[in-house]
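Colleague: I need the structure of the sequence given here:
(chains A and B)
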Amino acid sequence: MPSATLLGQALVSGLLAGGLYGLLALGLSLSWGLLRLVNLTHFALALLGAYLTYQLGHVLHWSPWLAAAAIVPVFFALGMGLHVVFARFRVTEFTSLLVTFGLAVILESVIQWFWTADYRRYETPWASSSIRVGPMFVPVLELFACLTATVLALSTWAWLRFTYVGKALRAAAEDAAIAGAFGVNHRRHAFMVSGVSAAYAGVAGAFIALISTLAPAQIWAWLGVVFAVVIIGGLGNPVGALLAGFLIGVSESITMAVAAPAWAPLVSFSILIGILVLRPERV
Amino acid sequence: MSERARLIVAVLTTGVVLGTLPLLGLPAFYESFLYLVFHWIALATSWSLLSGYAGYFSFGHGAFFGAGVYTTTTLAAAYGVPFLATLPVAAAVAALMSVGIGAVVFRVKRLRGELFGLLTLAITFVVATIVLNTRLDGGPGVYLSNVPLPKLVGSPTGTFYLLALGLASATVTGAYLITRARLGLGLFAIHDDEDVAEVEGVPTFAYKLVAFALSAGVAGIAGGIHAMYVSYVTVGDTFSITVPLYVVLMSVLGGARHWLGPAVGATLITLSLYTFTGGEQALLGRALIAFILILVILLLPAGVVPTVLARWRAWRPRRVEIPAATVMPLAAVAGRGSGPSAALECRDLWKSFGGIQALRGVSLTVAPGEIVGLVGPNGSGKTTLINVISGHYALDRGRITLGTTVLSEGPAHRIAGLGVSRTYQIPRPFAHFTALDNVALAASFGAARCTPGAARVEARRWLEFTGLGRRATALPHELNLHERKFLELARALAGRPRVILLDEVLSGLNPTESGGAVQLLRGIRDLGVAIVFVEHVMRAVVELCDRVVVLNEGEVIAAGTPVEAMREPRVIDVYLGKAHVGA
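Modeller: Down below sits the predicted model:
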């Protein structure tokens, strides 16, 4: 049995990793829950955001925060552009999975074309700094990613809960035809959701660039875990996605500490399978 | 020669011709390339058995492929079992795994489409984690270079070529036979509307399990052969996203609902992947394939093979095979009914949904050759009653019998097989089936239990009987409401039922149409069929029914001849309110 400190440290790093999962899950959950589109391109966009941050920061020596600020509006526009295709061809929930898979592969090739398949690392002064809390260390960048995820999740929740657009979106997700009969312009709001979702991918990408080593194939590395997070959190539920991210992150890091790191995927996927079999109505 | 025999001969001839290639001393390079083509044909075709035909998209084909890879690897490398002997075991392990998974997940209602896909994807990761962390692999991968390869022909590549060719032709032939058999028909119906398929008599749970097991078994063999082909297996390569994604892409590209579609898709994609090998070209090729995939899905959602076939038929219309119409006199139908007629008896039926008590102790008897009208305000439990008799909902309490057989314990498909059929108030035809095939499905799965060929002859008769003879090749969306209602009726009759439950067959029809329907129902009643007739059109109820049962809030409040029942004070209360009491 590992020591209390080790478990405590596992808990902290699990929560922080979970914050990043939640951040990635946020945009995916919005487009799946509100637009009924399963958007695999989300992962590719996040990685593209990471590579762009790397390019602007490491190669052109911008401040990473400036880079992120530049990427977010560009990604918002990119997301709206993507939705033009979805709307034009009336992409359904199921075909969206295949179409966005194709887009993700294209983006992966584009990334590999520009940055090659070699590992890339964006070194910043913050990468190694951490705050000491008692016997435990809290890495600064990951803490910041986690806080950003929390702020975004809460403000997205408030946006959906209290604003007209949010209510209209939730109504349209229940029944687009009836919502339309009551004057909801779902087509226009859908562009907004798609843009917001892509912008979140950009934010997540900036943090990925700062925290981890980049390789084009990483697009597929998060796929399983983040889908587990989205489904456990409930579709279109931003706070749920964040909490589910924490749950998966902590359960993985505890497994790593107690058993071996290689067993970690078993936990998240077992949780996902359990939820799909026992509570399929959540999705 | 029939179309079926010609196609089987064509597939076999192709197989034999391709089988002689290694004897001609083809360069190993071509044999290896063709091995890959056949490998993917077998995988993609096997995937479509469940996922293409029944519409349960699996992203877990890699788990069954991987199960095959590691079964062969473990048996051959660690225990010295001869390579060919490991292949049936690989198939069995993969098939058993799929049956285990299916037995759990297919019981989950509401688990469809993309959820099944994610579930199977998650299962792949779980299997991979287990293999990685146990002695099956343990991390570094396993070498099979010491396992002897049996010599079928001169070169090892020729041997692999022949093994893959054999598996691919067997799988494609099997897929063809399944699409022409009862199993395929049932799977296609599950794809379109699983609930209706079950009520029409398709044993949906068993069919899905069989399709899943066949699909996984072929993937297991393909995995076993491939383990030997690559001769060094790792968890990373085996359980990568490649297998599940490629089989989906290949099948969707070629046409997942057609027996030949996945094979065509597999050939196209393997060929184009091959054109771009090495460095930047490979990168470009992958992007190009992804782009083609997007275009195909957006522009040809049915896939290449069905689209090309449709164009070909539009260009050179051929005689559509519809069995000749032989109109049956009603008497002939009666003589060939499904067993002795029997009375339907419902005793003290209770059913609630959450807090809503939909049926409170309903009892009802319908004799053979009797029409019992079931009337009552909206929400009184009429449709619920039909749903519990047909087995769509399980009863909370009570007992339903048909003659001496107890219905209320069986699954819906068994009840249909015993001779109970129903219509839906809003017609629910199978969307991808022609009118003829819709009716033929009921004839092959209901009490009639015709073979698929006989079912089409039978279906043609029932279409003629309901006046839809000329619409046999129309798809449901091409029919108007009146025709779709009659299609429902034809489908209910084709099962050769002893009891028919009619849910508002007349609503929405104009007076002439409904007059015709009333004539038709009298004809069916005279065949000795017991009819339960739910209807709001009172004129038809009074005209047609021998007895009427009035439901209100899940209870029987009156029963008797139509005129008697309508005079009951409680019935007048329910329909007109209580104001008349004081007046």
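
Colleague: Can you list the low-confidence ranges for the chain?
Modeller: This is for chain A. Scanning chain A for pLDDT under 70 picks out A:1-2, A:280-283.

Colleague: Chain B is the one I meant
Modeller: B:1, B:110-114, B:276-280, B:317-341, B:576-583.

Colleague: which secondary structure element contains the residue nearest the centre of it?
Modeller: Centroid-nearest residue in chain B, with C-alpha atoms, centre = their mean: residue B:187, separated by 2.1 Å. In the assignment (DSSP states H and E), residue B:187 maps to helix B:182-192.

Colleague: Which elements pack onto the helix or strand that that helix is followed by?
Modeller: The helix or strand immediately downstream of helix B:182-192 is helix B:194-199, counting by DSSP H and E. In terms of contacts (3 or more C-beta pairs under 8 Å, 6 or more residues apart in numbering or on different chains; DSSP states H and E), helix B:194-199 is packed against helix B:182-192, helix B:204-230, helix B:412-417. C-betas here are computed from N, CA, C, even on glycine.

Colleague: Identify all contacting residues around the first one.
Modeller: Going back to what we said before, that points to helix B:182-192. B:49-50, B:53-55, B:178-179, B:196-197, B:200, B:202-204, B:207-208, B:210-211, B:257, B:430-433, B:437, B:440-441, B:444-445, B:451-452 (C-beta atoms under 8 Å, 6 or more residues apart in numbering or on different chains).

Colleague: hmm, 7 Å instead?
Modeller: B:53-55, B:178, B:197, B:200, B:202, B:204, B:207-208, B:210-211, B:430-433, B:441, B:444-445, B:452 (C-beta atoms under 7 Å, 6 or more residues apart in numbering or on different chains).

Colleague: re the thing from before, relative to helix B:204-230, how tilted is the helix holding residue B:187?
Modeller: On the basis of axes from the mean of the first three to the mean of the last three C-alpha atoms, to 10 degrees, helix B:182-192 is oriented at 100 degrees to helix B:204-230.

Colleague: got the residues of the stretch 101-250 of chain A near chain B?
Modeller: Proximity of the stretch 101-250 of chain A to chain B, by C-beta under 7 Å from any C-beta of the partner chain, involves residues A:101-103, A:105-106, A:109, A:112-113, A:220, A:224, A:227-228, A:231.

Colleague: can you rerun that using 6 Å?
Modeller: The stretch 101-250 of chain A comes close to chain B at residues A:102, A:105-106, A:109, A:112, A:220, A:224, A:227, as judged by C-beta under 6 Å from any C-beta of the partner chain.

Colleague: ok, and the most crowded of the residues you listed?
Modeller: The most crowded member of these, judged by other C-beta atoms under 10 Å in any protein chain shown, is residue A:105 (25 neighbours).

Colleague: how would you label that residue: helix, strand or coil?
Modeller: helix (DSSP: H, G, I helix; E, B strand; the rest coil).

Colleague: name the helices or strands packed onto the strand or helix carrying residue B:16?
Modeller: Element membership for residue B:16, per DSSP H and E: helix B:3-19. In terms of contacts (3 or more C-beta pairs under 6 Å, 6 or more residues apart in numbering or on different chains; DSSP states H and E), helix B:3-19 is packed against helix B:156-180.

Colleague: among the helices and strands packed on helix B:194-199, which is the most enclosed?
Modeller: Greatest average neighbour count among the helices and strands packed on helix B:194-199 goes to helix B:204-230 (a mean of 25), per mean count of other C-beta atoms under 10 Å in any protein chain shown.

Colleague: what pairs with the helix or strand just after it, and is each one parallel or antiparallel?
Modeller: Next helix or strand after helix B:204-230 toward the C-terminus (DSSP H and E): strand B:232-233. Applying DSSP bridges to the sheet, strand B:232-233 is found paired with strand B:142-143 (antiparallel).

Colleague: so how many other residues sit close to the nearest residue to residue B:127 once chain neighbours are set aside?
Modeller: For residue B:127, ignoring the flanking residues on the chain, the nearest one in space by C-beta to C-beta, 6 or more residues apart in numbering or on different chains is residue B:63 at 4.7 Å. By other C-beta under 10 Å, 31 other residues sit near residue B:63.

Colleague: got it, and residue B:411?
Modeller: 15.

Colleague: Next, residue A:229: phi, psi?
Modeller: phi -60, psi -40 (degrees, to the nearest 10).

Colleague: who's in contact with it?
Modeller: A:21, A:25, A:244-245, A:248 (C-beta atoms under 6 Å, 6 or more residues apart in numbering or on different chains).

Colleague: For residue A:168, give its distance to residue A:93.
Modeller: 20 Å (C-beta to C-beta, to the nearest Å).
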